[in-house]
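Asks: sharing a model prediction with you, sequence too.
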Amino acid sequence: MLRKKTCSSVAISIVILFISLCLTISVSAQPNPKNVYTGNLAKRPLAYAPGRFVVKFAESVAENEAEEIVRSIGARIKRRAYKKTFRVLTAPRGQEMKMVRALRKNSRVLYAEPDYLAYADFVPNDEYYRPYQWNLDNTDPDYTTDPNFRGIQMEDAWDINPGGDPSVIVAVLDTGIAYEDFGSFCLAPDLAGTSFVSGYDFVNGDSHPNDDNGHGTHVAGTIAQNTDNEMGAAGIAFNVSLMPVKVLNADGQGYLSDIAEAIRWAADHEADVINMSLSASLGNRTLRNAVDYAYSKGVLIVASSGNSSGSLPQYPANYADVIAVGATTYNNQLAYYSNRGNELCAPGGTDREDLNGDGRMDMILQQTFDLNTREVCNFGYWFGAGTSMAAPHVSGLAALMLSVDSTLTNEDVKTILQDTADEVEPACGHGVINAYEALWTVANSDNPPSVKIKYPLEGEFVSGKIRVKIDATDHNDAAGALTVEWNVDGGAWKPTTYNSVPGLYESEEWDTSEVIDGQHFINARATDSAGNKTVVSNSVLMNNVNDPPVVSFTYTCSGLMCDFDASGSYDPDGTIQNYDWSFGDGTQSEPGSGATVSHTYAEAGTYTVSITVIDDGDASNFYSEDIPVNEGPPTMHIGDLDASSRRMFGRFWEAKITFTLHDSWHEPVADAWVYGLFSDGSSLFQCSTNANGKCSVYGYQYWLKCLTFTVTDIWHDSLVYDPAQNQDPDGDSDGTNITVCRP
């Protein structure tokens, strides 16, 4: 019997988020006998074991000859069968068929073939799997006789990979999960065998993200409910690890800021997949940036599209880097409540309580605690409907795919899910996910090679004779087994040779002067043993006509001695070899002297200094400039004179005079002493300038309202004070005298 508990709208709103379980019904008694199986699995195509095949040699082949034949193709003998009737060989993954074909050409081989796989037909013995979990594999004739309506075909998928691997982590961003016995919280009995990694509670700010709403536990069950344990319901990827991350409170409410922070946290804590069975009517930059961050780190992000019957998914499902999941019914029709514009769909069910009058439900069944009373330790099996229920189907399937091939990128997983989905209607985008087709594609895929041109690089200047270097690898072909070729501007493909460095292929020497100077395209192509090809291209600049260097110089003079610096010169297509100076007074530097030189003139005057720069291709360029040379020692002067005042107490006040010293090149002068007097006749004042050429003196007065300070002298060990050069850019003094008054 069924005891029904109905809530017409268990709506969980999140400030601007809306998540729904819609209708929930608790199953309290066993509806059918355990371990009932009422249908046959669909016939599967043959599949062979990766990295393994079988060979039968002719009777006259001796043991050492057999071993030599095996070594010659790069394989090795794993074991000899009973009475040596055949041998089992091992090979690099993806090389099996190539080696089988090679052996079949050998006259000493009677036959060679893959080691085909046989499967135990896995049907979970969980007590409510039949008939309630139609969403996983719908073969119950009371639901449908149409073979196209088989849920997501999990039974065939489990035969390829039964439950996944604990190394794959799915972060569930939700109301938490009933994952531990802690305080007043309890572990859900049907999650006792599920693997969990540490999570975080962003609602309460602690490391115990327990569920106090029930929604998150239901979602987590679809992904990884303990399965084949003669208890309750089954999960999709029941061997993967779940990361509980609480972003919604007991009422299902939360903040986008918490969700954004949780996305980043999950990405930084090695989550492979993030499931968000939640949606918001609006997004913001904080959430978008978090999604971009997680996706850039390789995380696959899945979110429910929302239950508002809208024309577009809500947020975060609306973002391009998130898989937007809509909900379908038992017969693959879009649920009336589901938003449109989805990337994929998965079973979510409707609120039809009894399809055929016999208790069968068009909803998703999983264990959680009482959704009406929120008693966190009162567990039962509850039906739920909504896009919240659909999203974890996609996350669980993605986790299985990554368990089969951990090298898949998030983009790879997304593409395979799209390409293998069952087309239903435009509102579901690519269609309803098909677990069997997706896993079969991953397990038997032979992806094209990965290719990169190592030299010349994109935008590089190229001249003379070079060897094109290409980095090419393939998931299935062993190192050196690829056919790697190159050409220029789409010409005939030329071969390369495999280098001792793994994955590196190198062309014969090529004279780049065969093409005119300017932009050209170096193309590389790699072809694997299955005929898959990858072509890449780098744009390079041929430069066999040598361009002259670009040249200039700067100078500083101290009296008759000048320093010249041409280190800012450069050669656009090579390197500078020589700097030849002419100082304008009839003298020159030694040939090939450096970029910086010093020269002392005999007398003051204006001189035309020139430099010729020669590059490594013997191209040269010339530059000259007239420079003034002054006789005598260099000078210094006041570059700025400033004053300020402040009241101390009563009529008593302080005057502050600040000096800035410059040399004749207007650079700050350090370690100079400035001397001067205030107009009230107080004693001589002095200060020493710092690295910025500044120092200050202070005077104090009671009776007088204003004071004037006069600079009397400035001393430096190598510079001469020239008061005629004194300046005051802000105009509050004449450069030598400045007046300051009581504030």
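Replies: Happy to help now that I have it.
Asks: mind checking the longest helix of this protein?
Replies: As assigned by DSSP state H, the longest helix anywhere in the chain is helix 387-404.
Asks: and it, how far out from the chain middle?
Replies: Averaging C-alpha positions (CA atoms, centre = their mean, to the nearest Å) puts helix 387-404 21 Å from its chain's average.
Asks: alpha carbons only: can I get it in PDB?
Replies: In PDB, the C-alpha atoms belonging to helix 387-404 read as follows (Å, rounded to 0.1, in the frame of the first residue of the first chain):
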ATOM      1  CA  THR A 387      13.800  20.700 -13.200                       C
ATOM      2  CA  SER A 388      15.600  20.300  -9.900                       C
ATOM      3  CA  MET A 389      15.100  16.500 -10.300                       C
ATOM      4  CA  ALA A 390      16.200  16.600 -14.000                       C
ATOM      5  CA  ALA A 391      19.600  18.300 -13.500                       C
ATOM      6  CA  PRO A 392      21.200  15.500 -11.300                       C
ATOM      7  CA  HIS A 393      20.600  13.000 -14.000                       C
ATOM      8  CA  VAL A 394      23.000  15.000 -16.200                       C
ATOM      9  CA  SER A 395      25.500  15.400 -13.400                       C
ATOM     10  CA  GLY A 396      25.500  11.700 -12.500                       C
ATOM     11  CA  LEU A 397      26.000  10.700 -16.200                       C
ATOM     12  CA  ALA A 398      28.800  13.200 -16.600                       C
ATOM     13  CA  ALA A 399      30.500  11.600 -13.500                       C
ATOM     14  CA  LEU A 400      30.200   8.200 -15.100                       C
ATOM     15  CA  MET A 401      31.800   9.500 -18.300                       C
ATOM     16  CA  LEU A 402      34.700  10.900 -16.400                       C
ATOM     17  CA  SER A 403      35.100   7.600 -14.600                       C
ATOM     18  CA  VAL A 404      35.500   5.900 -17.900                       C
END
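Asks: quick one, what contacts residue 313?
Replies: With contact set as CB atoms under 8 Å, 6 or more residues apart in numbering, residue 313 has these partners: 279, 303, 305-306, 324, 326, 339, 341-342. Quick note: C-beta positions are derived from backbone N, CA and C, even for glycine.
Asks: swap that for residue 75, sorry
Replies: By CB under 8 Å, 6+ apart, the residues touching residue 75 are 53, 89-91, 95, 99.
Asks: any chance of JSON lines for the residues you listed, columns secondary structure?
Replies: Formatted as JSON lines, the contacts of residue 75 follow (DSSP: H, G, I helix; E, B strand; the rest coil):
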{"residue": "53", "secondary structure": "strand"}
{"residue": "89", "secondary structure": "strand"}
{"residue": "90", "secondary structure": "strand"}
{"residue": "91", "secondary structure": "coil"}
{"residue": "95", "secondary structure": "coil"}
{"residue": "99", "secondary structure": "helix"}
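Asks: so which of those residues is the closest to residue 268?
Replies: Nearest to residue 268 among those: residue 95, at 37.2 Å, using CB to CB.
Asks: that closest one contacts residue 74, correct?
Replies: Yes. Under the criterion of CB atoms under 8 Å, residue 95 makes contact with residue 74 at 7.2 Å.
Asks: more crowded one of the two?
Replies: More neighbours surround residue 95 than the other of residue 95 and residue 74, with 22 against 15 (other CB atoms under 10 Å).
Asks: turn the contacts of residue 313 into CSV, columns for neighbour count and pLDDT.
Replies: Putting those into CSV (neighbours: other CB atoms under 10 Å; pLDDT from 0 to 100) gives the following:
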residue, neighbour count, pLDDT
279, 30, 88
303, 30, 96
305, 33, 94
306, 32, 91
324, 30, 96
326, 31, 95
339, 27, 93
341, 17, 93
342, 29, 94
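Asks: so how many other residues sit close to residue 606?
Replies: Neighbours of residue 606 under the rule other CB under 10 Å: 9.
Asks: so how far is residue 584 from it?
Replies: Applying CB to CB, to the nearest Å, the value for residue 606 to residue 584 is 8 Å.
Asks: swap in residue 224?
Replies: Counting by CB to CB - residue 224 and residue 584 are separated by 84 Å.
Asks: more neighbours: which of these two?
Replies: Between residue 224 and residue 584, counted using other CB under 10 Å, the more crowded position is residue 224 (31 against 20).
Asks: hmm, residue 194 and the more buried one touching each other?
Replies: Yes. With contacts counted by CB under 8 Å, residue 224 reaches residue 194, the gap being 5.1 Å.
Asks: intersection of neighbour lists for those two?
Replies: By CB under 8 Å, 6+ apart, the residues touching both residue 224 and residue 194 are 235, 238, 242.
Asks: coming back round to it: tell me, what's touching residue 606 and residue 584 both at once?
Replies: Here residue 606 and residue 584 have residue 627 as joint contacts, going by CB under 8 Å, 6+ apart.
Asks: which residue ranges of the stretch 401-550 of the chain form strands?
Replies: 450-455, 461-462, 465-466, 469-473, 483-488, 494-495, 497-498, 504-506, 510-511, 518-527, 533-542 (DSSP state E, counting those that start in this stretch).
Asks: figure out how far the very next helix or strand once past the last one is from the centre of its chain.
Replies: For strand 533-542, the succeeding helix or strand toward the C-terminus, using DSSP states H and E, is strand 554-558. Here the centre of strand 554-558 is set off from its chain's centre by 50 Å, with CA atoms, centre = their mean.
Asks: ok, then the element right after strand 554-558?
Replies: Moving toward the C-terminus from strand 554-558, the next helix or strand (DSSP H and E) is strand 561-565.
Asks: list the buried residues for the helix or strand following that following strand?
Replies: Proceeding N to C from strand 561-565, the next assigned helix or strand is strand 576-582, under DSSP H and E. The neighbour-count check on strand 576-582 (16 or more other CB atoms under 10 Å) flags 576, 579-582 as buried.
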